[in-house]
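# Quick check, what structure comes out for this input:
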Amino acid sequence: MARLTADAVIPLGTLDPAAPLDDLDWLGKAIGDARVVAIGESSHYNHEFVQLRHRVLRYLVERQGFKAFAFESGFAESRLVGDWVHGGEQDLGHVLANGMTSLTGLWTEVRDQLTWLRDHPVGCYGIDLGGSNISLLPGLDVVLGYLAAADPDFEPDPAIRTTASAFAAESPFSIPAAIGEHGKLPAEAKDALTARLAGLATHFSARRLDYSGRTGVAAYEHALLTLRTVITLDAVVRAMTAGDMRTALEARDATIADTVEQILRHEDRIVLGAHNGHVQRWRGTMPGVPPAAPMGLFLADRFGADYLAIGTTSGTGEILSEGPDFYAGKFFSALEAPRPDSLDGVLDASHDGLFATDLRSLSERDTATLRAVTEQRMGSFYSGVNALDAFDILVHVPRVSPAEPDLDALEHAPDEAREMFAKWIASRGKEK
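Prediction:
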């Protein structure tokens, strides 16, 4: 069985975000002057990956001077998070449920992370398209609200929101139904929505001086960037319903990269948390989908060595379910031991505990070992990868487990999310 030598292994003492940080001292030298440090995860909603992100974030803030955190969640919705972290009075449960999309805020580990961030001067930004990557309404309502304040005499075409409402989703559990509703729309209605959104963008650009003068540059730029995410999401949904998943994936990730670049106009250095499939500098593959360029590849193209990617691998445990099981309320499935010749398998065989490895300082022997690896586990499937090109650092977690549902946040979540979580929580109780 292939494995790394002991020289490549950097043992990590704990994942506890509150523990002393001395076992991460090597990380400061490894990141150097990088402006964007991206921390991946092999699967969403795992306790260990959220804790790893929190712990690395704490290290980079406290010891390396980072002052911004970007995360894989809707840009428009994340204003709630940023406001709360900087002293806002909203209930934290409401912020977790409504300021973080795709169920990412409904976990106690994320509550702990936001609570820690509130005690530190760190900017917080969602970078994704929003609306659980299906509904245009959250971003569109931000844009329309801005227009009402900046230009009360301007009346956007009401058909924009009416058509967008036809395929809105209450939560991620509504995604299949929303895609179905979009597919039922007449081609003329879809085309008209796309054209009207483009017209709205042109209007925004033409009125830049007037609007920024009335509302301030920051408010104008936030609304404009939100509109761009809405326009991309419209294109993504159209691509998905047409079966063009490569365009859907690349359009999403290109816009995420654009959003990160815009944030860097105001922040010196960013810690960025997202799935491995987004942070890697390697065209990702999914079953039945041609290789698609992820956010990490776009950012590396723009920032070169100023972009550093930390990927993760895992051994066994439980990971997020995919397909019908997830939509039926079975959120997590058993994670079998990785294939021995996969990236996860090689790292799992290399050390018994939690550890990291810096891929840029490997011996010739360890470099050759990883050069021979051609796939990495992404959830329950394996994706082609060249680890040495895709990542700078890897962290291996021997066993992963579900994060803990945050009952307060769930009280503020949409009805269908509460119902599905209740099913899952009840099933966990029976298993125990």
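
# Just name the shakiest helix or strand of this protein by mean pLDDT.
Lowest on mean pLDDT, DSSP states H and E among the helices and strands of the chain sits strand 284-286, with a mean of 85.

# What helix or strand is Leu209 located in?
helix 208-215 (DSSP states H and E).

# Glu250 too?
Counting by DSSP H and E, Glu250 is part of helix 245-263.

# Can you name the residues in contact with that helix?
Here helix 245-263 makes contact (CB atoms under 8 Å, 6 or more residues apart in numbering) with 36, 68, 70, 75, 123, 125, 127-129, 133, 221, 225, 228-229, 232-233, 235-237, 239-240, 270, 272, 274, 278, 284, 286, 288-295, 298-299, 302. Placement of C-beta: from N, CA and C, glycine included.

# Partner strands of the very next helix or strand once past it, with direction?
Using DSSP H and E, the next helix or strand after helix 245-263 towards the C-terminus is strand 270-273. Sheet pairing here is set by DSSP bridges, and for strand 270-273 it gives strand 36-39 (parallel), strand 68-74 (parallel).

# Restricted to helices, list the contacts of helix 245-263.
221, 225, 228-229, 232-233, 235-237, 239-240, 278, 295, 298-299, 302 (DSSP state H).

# and of the residues you listed, the nearest to His44?
Proximity of those to His44 (CB to CB) peaks at His278, which lies at 11.1 Å.

# is it true that that closest one touches Leu297?
No. Using CB atoms under 8 Å, His278 is not in contact with Leu297; the gap is 9.8 Å.

# could you redo the strands paired with strand 270-273 as JSON lines and give each row distance to Ile263 and mean neighbour count?
Listed next are the strands paired with strand 270-273 as JSON lines, based on distance: least, CB to CB, whole Å; neighbours: other CB atoms under 10 Å:
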{"stretch": "strand 36-39", "distance to Ile263": "9", "mean neighbour count": "27"}
{"stretch": "strand 68-74", "distance to Ile263": "6", "mean neighbour count": "25"}
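
# Quick one: closest of those to His396.
Here strand 36-39 is closest among the strands paired with strand 270-273 (CB to CB), at 13.9 Å.

# Tell me what angle the helix or strand following that closest one forms with strand 68-74.
Per DSSP H and E, the first helix or strand lying C-terminal to strand 36-39 is helix 47-64. Angle between the axes of helix 47-64 and strand 68-74 is 150 degrees (criterion: axes from the mean of the first three to the mean of the last three CA atoms, to 10 degrees).

# Of the contacts of helix 245-263, just the buried ones, ChimeraX syntax please.
Selection of the buried residues among the contacts of helix 245-263 in ChimeraX, burial being defined by 16 or more other CB atoms under 10 Å:
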select :36,68,70,75,123,125,127,128,129,133,221,225,228,229,232,233,235,236,237,239,240,270,272,274,278,284,286,292,293,294,295,298,299
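
# Okay, now the unreliable bits of the chain?
Scanning the chain for pLDDT under 70 picks out 430-432.

# residues in contact with Gly353?
Per CB under 8 Å, 6+ apart, neighbours of Gly353: 11-12, 398.

# Also Glu322?
333, 379-380.

# now Leu335
314-319, 380, 400.

# Can you report phi and psi for it?
phi -110, psi 110 (degrees, to the nearest 10).

# Tell me the bridge partners for it.
Beta-bridge partners, per DSSP bridges, of Leu335: Gly317.

# Compute the distance between it and Pro11, please.
Computed as CB to CB, to the nearest Å, the Leu335 to Pro11 distance reads 22 Å.

# And Ala164, by the same measure?
51 Å.

# Out of these two, name the residue with the larger neighbour count.
Ala164 (24 against 12; other CB atoms under 10 Å).

# In this structure Ile270 contacts Ala68, no?
Yes. Look at Ile270 against Ala68 with CB under 8 Å: they come within range, at 4.6 Å.

# how close does the residue of the chain positioned farthest from its centre sit to Leu147?
Here the centre of the chain is the reference, and by CA atoms, centre = their mean the most remote residue is Asp153, at 37.2 Å. Note on Asp153: its distance to Leu147, by CB to CB, is 10 Å.

# Phe355 now?
Taking CB to CB, one finds Phe355 at 52 Å from Leu147.

# Make sure Asp341 is indeed in a helix.
No. Under the criterion used here (DSSP: H, G, I helix; E, B strand; the rest coil), Asp341 is coil, not part of a helix.

# in terms of contact, does it touch Arg377 like I think?
No. Counting by CB under 8 Å, Arg377 is not a contact partner of Asp341; they are 11.6 Å apart.

# who has more neighbours, these two?
Remark: of Asp341 and Arg377, Arg377 carries more neighbours, 24 against 13, as counted by other CB under 10 Å.

# all helices of the stretch 301-432 of the chain, in order?
All helices of the stretch 301-432 of the chain, identified by DSSP state H, counting those that start in this stretch, fall at 324-327, 343-348, 364-371, 387-390, 407-411, 415-431.

# Comparing those, which comes out most buried?
helix 343-348 (a mean of 26; mean count of other CB atoms under 10 Å).

# centroid residue for this protein?
Glu72 (2.1 Å).

# isn't that one right up against Leu129?
No. With contact defined as CB under 8 Å, Glu72 does not count as touching Leu129 (10.4 Å).

# The nearest residue to Leu52 once chain neighbours are set aside and Ala189: what is the separation?
Leaving aside its sequence neighbours, Leu52 sits nearest to Leu15 (CB to CB, 6 or more residues apart in numbering; 5.7 Å). To Ala189, Leu15 is 49 Å away according to CB to CB.

# Name the residue in those two with the higher neighbour count.
More crowded of Leu15 and Ala189, by other CB under 10 Å: Leu15, with 18 against 15.

# Can you give me every residue that contacts that one?
Contacts of Leu15 by CB under 8 Å, 6+ apart are 48, 51-52, 55, 354, 397.

# hmm, which two among those are most spread apart?
Arg55 and Val397 (11.9 Å).

# And those two? Which one has more around it.
When Arg55 and Val397 are compared for neighbours, Val397 comes out ahead with 27 against 22, by other CB under 10 Å.

# still on that earlier bit, tell me how far the residue nearest to the centre of the chain lies from Phe154.
In terms of CB to CB, Glu72 sits 33 Å off from Phe154.

# so Arg79 touches His222, yeah?
Yes. At 7.4 Å, Arg79 counts as touching His222 under the criterion of CB under 8 Å.

# For the stretch 1-150 of the chain, which segments are assigned as strands?
Under the criterion DSSP state E, counting those that start in this stretch, the stretch 1-150 of the chain contains strands at 10-11, 36-39, 68-74, 123-128.
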